[in-house]
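I need the structure of the sequence given here:
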Amino acid sequence: MDYNTDFKIRINPKNLGVTKNFETTIKACNGDIVFICDQDDIWLENKVERIIKIFENNKEVDVIFTNAYLVNNQLTKFKDTLWDTIKFNPERSKKNGEDLFSIFLNRNIATGATMAFRKSFVEKILPMPEEWIHDGWIAITALLEKKLYAYPEKLILYRQHLHNVIGAKNEGILTKVRKYLGQPDKITHDNYNKFKRYESVIEYISNNSIDVTTTEINNIKQCVKFWEDKCGIVTRSKLKSIINIMGHVKKGHYNQFATGYRAVIKDVFNLLKV
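Prediction:
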C-alpha cells in the first residue's frame, strides 16, 4: 500500500497538556481514517492494511484498538503482551460475564498508540474533557455509541522506557507500594479527576440521548458517587471516612471501580497519615 508522505509539523503557541494537544492535532487531520502515532513505537508492516480492512468490512465500527508486543529500547520482546499487562482478556471476560462497559468503569484498556478511528467520528469526541487522557475518552464515547471494536492482534512494538508519559509499566513491588501510598494532596487531586471523568460520561449520555440499560446507568452513577466520596477521605473526620470506606467495601465498589483491597489499604493508610 502506498502512503502519503506529506508530513506537517504544528507547534502550539503554548503548552496545552496531553489531552488538548491531541484534540488540536486530531482536528487538523483530514484523512478518512485517523491513526494515533504519538511515541517511538514500531508499526508492523501489515498494521494499516489490517485496520482499514476491519473498517471496510464493519461499517458499524468507528473506533478500533488492538493488542501490542511490549519491547525494550533494543526492541527485544517481553514475555507479556500489552493486554497481559493491563489484565485484559476478551474471551475470559466474556466467560465471566464481564462486559466492556464494566471494564472501562474500572480502568482504561484502550491504549492510544494502538488506536485508529474514522474521521467522521471526531465530532463525537470533541471537545475532550480535560480530566480524561485522550485514548480513554475516545474509547468510552465509542463504547457508549456502540462503535468500539477490540482487535486482539498485536500490530505494534510498544516500546517501554523511563520516559513514557503513560505506558504499560511492569513495576517492582517497592515502586508499586510507593505509588499506592502517596501524598494525600496528590491522591485527593487524582480522586477528583476520576470523579470528574465519570461525571462527564453521565453528561455525555444525557446530552447525546445515549441508549443505555438501567444497570449501566446505575453502575456509572455508583462509580461517580464512589470517586466523589473518595475525594473527601482526608477532609472528613476519621470516623466518618472509615464508615464511608467500609460502606463501599461492603457494596463491592473497590473491586468494581478501583484496585480492590490495594485501594482500600491505600485509603486507610493515607487517612491515618493526616
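
mind listing the strands for this structure?
Secondary structure of the chain (DSSP state E): strands at 33-35, 42-43, 63-71, 77-81, 116-118, 148-159.

Can I get those in a markdown table including distance to residue 270 and mean pLDDT?
The C-beta positions use only the backbone N, C-alpha and C, and glycine is treated the same way. Shown next, in a markdown table, are the strands of the chain (distance: least, C-beta to C-beta, whole Å; pLDDT from 0 to 100):
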| stretch | distance to residue 270 | mean pLDDT |
| --- | --- | --- |
| strand 33-35 | 40 | 96 |
| strand 42-43 | 40 | 94 |
| strand 63-71 | 31 | 97 |
| strand 77-81 | 30 | 95 |
| strand 116-118 | 38 | 98 |
| strand 148-159 | 32 | 96 |
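
what about the protein, any weak spots by pLDDT?
Applying pLDDT under 70 to the chain flags the ranges 1-5, 162-185, 274.

and if we set it to 80?
1-7, 39, 94-97, 161-187, 234, 273-274 (pLDDT under 80).

Now do the helices in it.
For the chain, the helices defined by DSSP state H cover 17-28, 47-57, 82-85, 90-95, 100-104, 122-125, 134-144, 173-180, 184-207, 214-231, 238-251, 253-257, 261-273.

for the fifth one, the distance to its chain's centre please.
The gap between the average C-alpha position of helix 100-104 and the chain average comes to 10 Å, counting by C-alpha atoms, centre = their mean, to the nearest Å.

if I look at the closest residue to residue 46 other than its chain neighbours, how far off is residue 93?
Once flanking residues are discounted, residue 46 sits nearest to residue 155: 7.4 Å by C-beta to C-beta, 6 or more residues apart in numbering. Between residue 155 and residue 93 the distance is 21 Å, computed by C-beta to C-beta, to the nearest Å.

Neighbour count: these two, which is higher?
residue 155 (21 against 17; other C-beta atoms under 10 Å).

roughly how far apart are that one and residue 207?
33 Å.

what do you get for residue 83?
Distance of residue 83 to residue 207, given as C-beta to C-beta: 32 Å.

Ok, residue 128 next?
Computed as C-beta to C-beta, the residue 128 to residue 207 distance reads 14 Å.

cool, residue 272 as well?
41 Å.

about what we covered before: Serialize the helices of the chain to JSON lines and add fields for distance to residue 112.
Formatted as JSON lines, the helices of the chain follow (distance: least, C-beta to C-beta, whole Å):
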{"stretch": "helix 17-28", "distance to residue 112": "8"}
{"stretch": "helix 47-57", "distance to residue 112": "14"}
{"stretch": "helix 82-85", "distance to residue 112": "12"}
{"stretch": "helix 90-95", "distance to residue 112": "19"}
{"stretch": "helix 100-104", "distance to residue 112": "15"}
{"stretch": "helix 122-125", "distance to residue 112": "12"}
{"stretch": "helix 134-144", "distance to residue 112": "3"}
{"stretch": "helix 173-180", "distance to residue 112": "21"}
{"stretch": "helix 184-207", "distance to residue 112": "16"}
{"stretch": "helix 214-231", "distance to residue 112": "22"}
{"stretch": "helix 238-251", "distance to residue 112": "30"}
{"stretch": "helix 253-257", "distance to residue 112": "22"}
{"stretch": "helix 261-273", "distance to residue 112": "25"}
